[in-house]
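Peer 1: Sequence plus predicted model, see below.
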Amino acid sequence: MDQLLQHLVNTLILGGTYALLGIGLTLIFGIMNVVNFTHGALYTMGAYLMYLAVTALGLGFFLALPAAILGGLLLGAVIEFVLLRPLRGSDIDTTMLVMIGAGIVLQSGTLWIFGGVAKSVPTPFPDAPLHLGPVSVSWLRLFVLGAALALIGLTYALINRTRLGLAMRATFQDHDTAALMGVNVRLIYTATFAIGSSLAAAAGALLGPVYVVFPQMGGLAELKAFAIVILGGLGNITGAAIGGFILALAEELGAGYISSGYRDAMGFLIIIAVLVFRPTGLFARAERIG
């Protein structure tokens, strides 16, 4: 029982960052109908921006996190403006090829700039974990959980409680009608891609200090983001958030009760089952609303 409680706590911590990855990816697809193959590279960039902000700029750990998120936001806006805006109206195959190429360029650039040696991000938290009965958790992981939940809440508030969110939801429903009603659809596309990119960067900035930072870290994260989106249903933000926690739970239970080597495999076994029995996702509806 104690081991199960520990796995559930670990699920919450890991699921929060997975939810950020999934929400960012499904937000971009739901509004822009773009499959973002730079998502893993943006996750990696978030981790490296966190590392640079702490070690090179000396901002301090707590200021480095918003700086890394802002960097991901700006990088996402540049990618949309330079690569996606000229391709607006092109077929999805062309867009996918361009995004795959952009992801490879970003990953290769990261390797060229920072090298292949893994780097660790200094943190202000004590090494001694917090003990809550039979459960122990590090202070860093508690911070990661709190920050991830706060960012998820802010994203929901942005989409459902602001004028920008209203314009994003209108564009999601029908971009032509939204444009006729005065919505600047181009600006909404840029904002959407930037926000989705910042969420990927936030996930990297949060998990980078927990593990280590290296150029290829985004590859598996990108696959997991797609798995989360498949679980939740394409374009379904609530489903993506829940899917992130489901994937984390599958990984924790698989690693704890079967073998640590099956940590990543368990999540993808669930994806295969979902694709076979419910291809639209566990939480898909007849009409998805942002």
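Peer 2: Everything's here; your move.

Peer 1: Give the burial count for Gly153, as a bare number.
Peer 2: Neighbourhood size, Gly153 [other C-beta atoms under 10 Å]: 10. C-betas here are computed from N, CA, C, even on glycine.

Peer 1: measure it to Leu20 for me?
Peer 2: 11 Å (C-beta to C-beta, to the nearest Å).

Peer 1: Okay, now the unreliable bits of this structure?
Peer 2: 1, 284-290 (pLDDT under 70).

Peer 1: where do the helices sit along it?
Peer 2: For the chain, the helices defined by DSSP state H cover 2-32, 39-55, 61-79, 92-114, 139-161, 163-173, 175-180, 185-210, 217-232, 237-257, 263-277.

Peer 1: For the fifth one, list every residue counted as buried.
Peer 2: Spelled out, it's helix 139-161. Leu140, Arg141, Leu142, Phe143, Val144, Leu145, Ala147, Ala148, Leu151, Ile152, Thr155, Ile159 (16 or more other C-beta atoms under 10 Å).

Peer 1: and if you look at stretch 214-227?
Peer 2: Those would be Phe214, Pro215, Met217, Gly218, Ala221, Glu222, Leu223, Lys224, Ala225, Phe226, Ala227, for stretch 214-227 by 16+ other C-beta under 10 Å.

Peer 1: for stretch 87-101, same thing?
Peer 2: Thr95, Val98, Met99.

Peer 1: need those in JSON lines with distance to Gly165, can you?
Peer 2: Shown next, in JSON lines, are those (distance: C-beta to C-beta, whole Å):
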{"residue": "Thr95", "distance to Gly165": "25"}
{"residue": "Val98", "distance to Gly165": "28"}
{"residue": "Met99", "distance to Gly165": "25"}
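
Peer 1: Quickly name whichever of those residues is closest to Phe61.
Peer 2: Met99 (32.0 Å; C-beta to C-beta).

Peer 1: Phe37 is in contact with the closest one, correct?
Peer 2: Yes. Met99 lies in contact with Phe37 (C-beta atoms under 8 Å); the separation is 4.1 Å.

Peer 1: need the contact list for Pro122.
Peer 2: For Pro122, the contacting residues are Val54, Thr55, Phe61, by C-beta atoms under 8 Å, 6 or more residues apart in numbering.

Peer 1: Which among those residues count as buried?
Peer 2: The neighbour-count criterion (16+ other C-beta under 10 Å) marks Val54, Phe61 among these as buried.

Peer 1: Please render the contacts of Pro122 as a markdown table that adds distance to Arg278 to the earlier fields.
Peer 2: Formatted as a markdown table, these follow (distance: C-beta to C-beta, whole Å):
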| residue | distance to Arg278 |
| --- | --- |
| Val54 | 43 |
| Thr55 | 45 |
| Phe61 | 41 |
